[in-house]
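Q: Requesting a structural model of the entry that follows:
(2 chains)
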Protein chains: 2
Amino acid sequence: MAADAHRQYALKGSKATVVGGGVIGASWAALFLANGMRVTVNDPDPDIAAKVAAYVAGARPSLLALGYPDVDTANLAFEADLARAVADADYVQECGPEKVGFKHDVWAQAEQAAPQAALLLSSSSGIPASEQSKWMQQPGRLVIGHPFNPPHLMPLVEVVPSDKTSPALTARALDFYAAVGKVPVEIKKESAGFVVNRLQTALFRECVSLVAQGVVSAGDADKLVVNSVGLRWATGGPFFSFHLGGGQGGFRHFIEHLGPAIEYWWKDMSAHPVALDEATRALLIEQVERAYGGVAVQALSAERDDKEVAVLKALERPRQ
Amino acid sequence: MAADAHRQYALKGSKATVVGGGVIGASWAALFLANGMRVTVNDPDPDIAAKVAAYVAGARPSLLALGYPDVDTANLAFEADLARAVADADYVQECGPEKVGFKHDVWAQAEQAAPQAALLLSSSSGIPASEQSKWMQQPGRLVIGHPFNPPHLMPLVEVVPSDKTSPALTARALDFYAAVGKVPVEIKKESAGFVVNRLQTALFRECVSLVAQGVVSAGDADKLVVNSVGLRWATGGPFFSFHLGGGQGGFRHFIEHLGPAIEYWWKDMSAHPVALDEATRALLIEQVERAYGGVAVQALSAERDDKEVAVLKALERPRQ
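A: Numbers count the residues shown, from 1 in each chain, chains lettered A, B, ... in the order given. Okay, here's the model as predicted:
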């Protein structure tokens, strides 16, 4: 599907401006470059060029493995002035600090300086478009395009319009993300944390609860997830899985048969209050460090990226 | 690791009695046969032999793809009388109805009729060993070995002792499941639903909440999970993922930085009550059927099994 969209969509030579060159921005930059786009990174950091170049170099093997053409770093530029950076942009992907004031300033300037046809997109995981666009003259020009880290590797982009976002923009954002090889999903209403962060945080809450109760260690909780629902949800989501869990009767049979057990577990889970207080944090940190502290995070991350690429390829979701 | 355990462990020719030949029992039977074991299925259903044979035939391609030797169905037998079925068993894997009375009867008989050295194991997802063993003369002889469906394919087995279970039995059960190629994890305390069913139910609760609020459809919720946390958790669990999410500062940095956002989302999630009442069930059923109703569950399941095998192979977790 991504490949089809790619064929219909003229990305090559178009220009993306990435506002904020941290890990999210650098990853978007790598992905856009791999799609043959020109990329300008807007960031006040004087060392930004070296940092982004290093990130892009690190992302190259994964992008190649997923079937993208090689990155041409001649297409990568830097411009510390926002108005100049967005002046001829086709796409503005904002990845700056998660501070409301920063977002307000960026969009107030960008809507003036960017071409009227440019897509204005924010990677924010927490500040919805309704809030970010508060001081824009045309708040309908902004939509959230929230990736899952790192964006060059993880397929999902949550596209979250505000109630002011123009439906045409939402449609164009969905097309754009599909064209660069992502799996965009439109979220119908703004909610705190959008969808995926809420879902992973819901599961994490019960992990914390069970570790705090002494039922399982943090390391074993990970082992449990990877070898069961992780594997399962890599191939089909929770509703799909329960649909198959119902056998020939599908989800209807499943929910009628197992609904009472599920509600009983919900009640039991709610009965155990969970808070990230000092003692709980210390317990979790100690257990996580015991499980993984022996190896540098960077090495673990590289290994994890390789595994994710291998899974994507196994599921025939590489680029081509 | 499984392969190492296999070398040290004499499975070939040993005997497993599977009590209850439904889908879980038949799947265990297929796995045990693929390990060169003799298997006797104990089930009152007069058609049980045909049903189990059909299941085993269906499981063969996945088992072969995972590197197990081919199944020899000459090692598969049936015995409707429980005492006779377990008389010379090395392992008794109970997979009968989830009814307390049934479990009490099985274990009261099995502990008399099975050799003293036999491992008594229950696949129950909901009735803990402390309850099942209530009328046993030696309640220390029973431990839960709860698989994730289907057991011949999914790596995880939750090994859940009661406070009476002999630690030696727990250790032997862990060794046995590793030897047949599973990833057993010991759960330190009995809790309702053990661990994984609680975790997946916690995430499912928030899925139901967001569908009920109109934030996302059931089909899109699945798409969101598969393309983000599903892929991620197939390669590393939630604590590991957050450890990497903290960058060089690891989990400590992550939880200090994002703890407040997580607690805010927890609060927001709790503020939306969720119940599987008639209207909610109808909404979910309608959306799931719209997403997946066009294809028979059996075909979807076969496709899903193939994908899971592909992911396991990509992660280098096949049998050999």
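
Q: CA-only coordinates of stretch A:155-169, as CSV, when you get a sec.
A: Extracted C-alpha coordinates of stretch A:155-169, given in CSV (Å, rounded to 0.1, in the frame of the first residue of the first chain):
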residue,chain,number,x,y,z
PRO,A,155,5.5,2.2,10.9
LEU,A,156,2.9,4.1,12.9
VAL,A,157,2.0,7.8,12.6
GLU,A,158,-1.0,9.0,14.6
VAL,A,159,-2.7,11.8,12.5
VAL,A,160,-4.7,13.8,15.0
PRO,A,161,-6.7,16.8,13.7
SER,A,162,-8.2,19.4,16.0
ASP,A,163,-11.8,20.3,15.5
LYS,A,164,-10.5,23.2,13.5
THR,A,165,-8.1,21.2,11.2
SER,A,166,-9.3,21.3,7.6
PRO,A,167,-10.4,17.8,6.5
ALA,A,168,-8.4,18.3,3.3
LEU,A,169,-5.2,18.8,5.3
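
Q: Give the buried residues for that stretch.
A: Within stretch A:155-169, the residues that count as buried by 16 or more other C-beta atoms under 10 Å in any protein chain shown are A:155-162, A:164-165, A:169. Any C-beta I mention is one placed from the backbone N, CA and C, and that applies to glycine too.

Q: I'd like the list of those that fall within strands, please.
A: By the criterion of DSSP state E, membership of the buried residues of stretch A:155-169 in strands covers A:156-161.

Q: Tell me which ones among those also neighbour chain B, please.
A: A:156, A:158 (C-beta under 8 Å from any C-beta of the partner chain).

Q: ok now do residue A:203, which residues does it touch?
A: For residue A:203, the contacting residues are A:225, B:199-200, B:202-203, B:229, B:238, by C-beta atoms under 8 Å, 6 or more residues apart in numbering or on different chains.

Q: pLDDT weak spots in the stretch 1-150 of chain A?
A: Within the stretch 1-150 of chain A, the ranges that satisfy pLDDT under 70 run A:1-8.

Q: how about the residues of it near chain B?
A: Residues of the stretch 1-150 of chain A that fall close to chain B, judged by C-beta under 8 Å from any C-beta: A:23, A:126, A:148-149.

Q: what's around the residue nearest to residue A:211 when sequence neighbours are not counted, how many residues?
A: Nearest residue to residue A:211, sequence neighbours excluded (C-beta to C-beta, 6 or more residues apart in numbering or on different chains): residue A:218, at 5.5 Å. Residue A:218: 28 surrounding residues under other C-beta atoms under 10 Å in any protein chain shown.

Q: Now do the contacts for residue A:218.
A: By C-beta under 8 Å, 6+ apart, the contact list for residue A:218 reads A:207, A:211, A:284, A:287-288, A:291, B:239.

Q: and what of residue A:255?
A: Contacts of residue A:255 by C-beta under 8 Å, 6+ apart are A:242, A:246, B:276, B:281, B:284-285.

Q: And it, how close does it get to residue A:294?
A: Separation of residue A:255 from residue A:294 (C-beta to C-beta, to the nearest Å): 44 Å.

Q: looking at it, residue A:140 is touching residue A:169, isn't it?
A: Yes. Residue A:140 lies in contact with residue A:169 (C-beta atoms under 8 Å); the separation is 6.8 Å.
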